[in-house]
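Engineer: Sequence plus predicted model, see below.
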Amino acid sequence: MFLGTYEPRLDDKCRLVLPAKFRDQLAEGLVITKGQEHCLCVWPAAEFAAVTRRMGRAPVTSRSARDYLRVLFAGATDEIPDRQGRIVIPRALREYAGLRRDCTVIGANTRVEVWDSAAWRQYLAAQDETFAELSQEVLPGLP
């Protein structure tokens with residue numbers, strides 16, 4: 001499980017240092033994909049394989065499923081962190097997420113999300129207002 005919020009920076013070679021708490025879970029390899037709201041999703045390779053198997057159950061007759069899977073897989077890349085826990089973020093993914101220098105990396109349960117820091121602050125400010133209201137819709141019965 002990935003938890004927490006961290007604020008690393010992209011270096012001059014477009015590498016991102018993964019938070020130390022995440023490195024063991026990602027050391028064997030990871031997949032970076034486009035996420036919703038213009039963030040990047042970083043999946044442990046084994047978890048991405050499991051998610052891919054579940055996605056494989058989507059009917060090929062569904063245009064929306066085909067469209068989603070095409071965009072997801074076409075933009076995905078697999079990486080292995082170096083000894084310092086750094087990964088290269090490819091140009092196309094940096095552009096998609098608007099990553100320049102300051103990044104925010106968040107734990108999102110089974111995956112990690114990478115955001116442009118300004119975009120994350122804007123998103124979080126908008127979501128903080130409705131967070132309490134959403135809990136009953138998303139997780140009914142949660143105290």
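Structural biologist: Looks like it came in fine.
Engineer: Return the residue spatially closest to residue 107, with its sequence-adjacent residues excluded.
Structural biologist: residue 2 (3.3 Å; CB to CB, 6 or more residues apart in numbering). For every residue, glycine as well, the C-beta is placed using N, CA and C.
Engineer: pLDDT score assigned to the one you found?
Structural biologist: At residue 2, the model reports a pLDDT of 98.
Engineer: to the chain's geometric centre, what's the distance from stretch 25-34?
Structural biologist: Centre-to-centre, stretch 25-34 and its host chain are 10 Å apart (CA atoms, centre = their mean, to the nearest Å).
Engineer: again, but for stretch 40-55
Structural biologist: The answer for stretch 40-55 is 11 Å, by CA atoms, centre = their mean.
Engineer: Likewise for stretch 30-41?
Structural biologist: For stretch 30-41, the separation from the chain centroid amounts to 4 Å (computed by CA atoms, centre = their mean).
Engineer: Which residues does that stretch contact?
Structural biologist: Applying CB atoms under 8 Å, 6 or more residues apart in numbering, the contact partners of stretch 30-41 are 42-45, 48, 71-73, 75-81, 87, 89-90, 93, 96-99, 108, 111-116, 119-120, 123.
Engineer: Kindly check the end-to-end length of it for me.
Structural biologist: Start-to-end span of stretch 30-41 (CA to CA, to the nearest Å) is 10 Å.
Engineer: Ok, stretch 65-84 next?
Structural biologist: 37 Å.
Engineer: mean confidence score for that stretch?
Structural biologist: 94.
Engineer: same deal with stretch 125-134?
Structural biologist: Stretch 125-134 shows a mean pLDDT of 80 in the predicted model.
Engineer: going on from the helix or strand where residue 67 lies, what's the next piece of helix or strand?
Structural biologist: Using DSSP states H and E, residue 67 falls within helix 63-74. Sequence-wise, the next helix or strand downstream of helix 63-74 (DSSP H and E) is strand 77-79.
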